[in-house]
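J.: give me coordinates for this.
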Amino acid sequence: MKVVIDCNVVISAGLTNGICRKIIYELIESHDNILSLEILREYNTVAKRRKFLSVQNNLLSLIYALSWNAHFVSPSPWSFQLPDPDDQIYLDTAFAGEAEVIITGNKKHFPEANYKDIQIVSPREFLDMVS
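T.: Coordinates of the predicted model:
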């Protein structure tokens with residue numbers, strides 16, 4: 001499955017050994033991780049914030065692992081516009097990489113359940129889909 005993963009899921013994976021970290025491992029082992037340089041830049045910028053200093057090594061290791069096996073694309077703006085412009089890059093990257101799923105901990109930032117063939121799912125919903 002082709003997947004785009006929201007930054008909030010990556011950060012959660014670095015903070016605790018829970019569902020979000022399972023998703024990272026699942027994604028690396030069994031799915032196509034779709035990334036853009038813009039998303040990778042956001043991952044790194046957020047990981048380097050002062051409040052994440054205590055887990056920064058974990059976060060950067062996860063980001064490195066995600067980027068190592070990623071399929072990088074160059075997104076173009078699509079006609080769908082999200083309420084938060086900062087989330088637009090995830091949708092644009094998903095379209096460019098023909099992703100099937102965007103995994104996010106903030107589904108409210110993606111008001112539609114689907115954008116064309118791209119399904120918006122929570123971390124738990126993704127694990128349920130692939131189990």
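J.: give the rounded mean pLDDT of stretch 49-58.
T.: Average pLDDT, stretch 49-58: 95.
J.: over to stretch 113-122?
T.: 92.
J.: what pairs with the lowest-mean-pLDDT helix or strand in the chain, parallel or antiparallel?
T.: Least confident helix or strand, the chain: strand 114-115 with a mean of 88, by mean pLDDT, DSSP states H and E. Applying DSSP bridges, strand 114-115 is found paired with strand 118-121 (antiparallel).
J.: what does the next helix or strand after the partner strand contact?
T.: Going down the chain from strand 118-121, the next helix or strand is helix 123-130, by DSSP states H and E. By C-beta atoms under 8 Å, 6 or more residues apart in numbering, the residues outside helix 123-130 that reach it are 1, 3, 9, 12, 19-20, 22-23, 26, 30-31, 101, 103, 105, 121. Bear in mind the C-beta positions are built from the backbone N, C-alpha and C, glycine included.
J.: okay, stretch 41-49 in CSV with CA atoms only?
T.: C-alpha atoms of stretch 41-49 as CSV (Å, rounded to 0.1, in the frame of the first residue of the first chain):
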residue,chain,number,x,y,z
ARG,A,41,11.9,19.2,6.0
GLU,A,42,8.8,19.5,8.3
TYR,A,43,9.7,16.2,10.1
ASN,A,44,13.2,17.5,10.7
THR,A,45,12.2,21.0,11.7
VAL,A,46,9.6,19.8,14.3
ALA,A,47,12.0,17.1,15.6
LYS,A,48,14.6,19.7,16.4
ARG,A,49,12.2,21.9,18.5
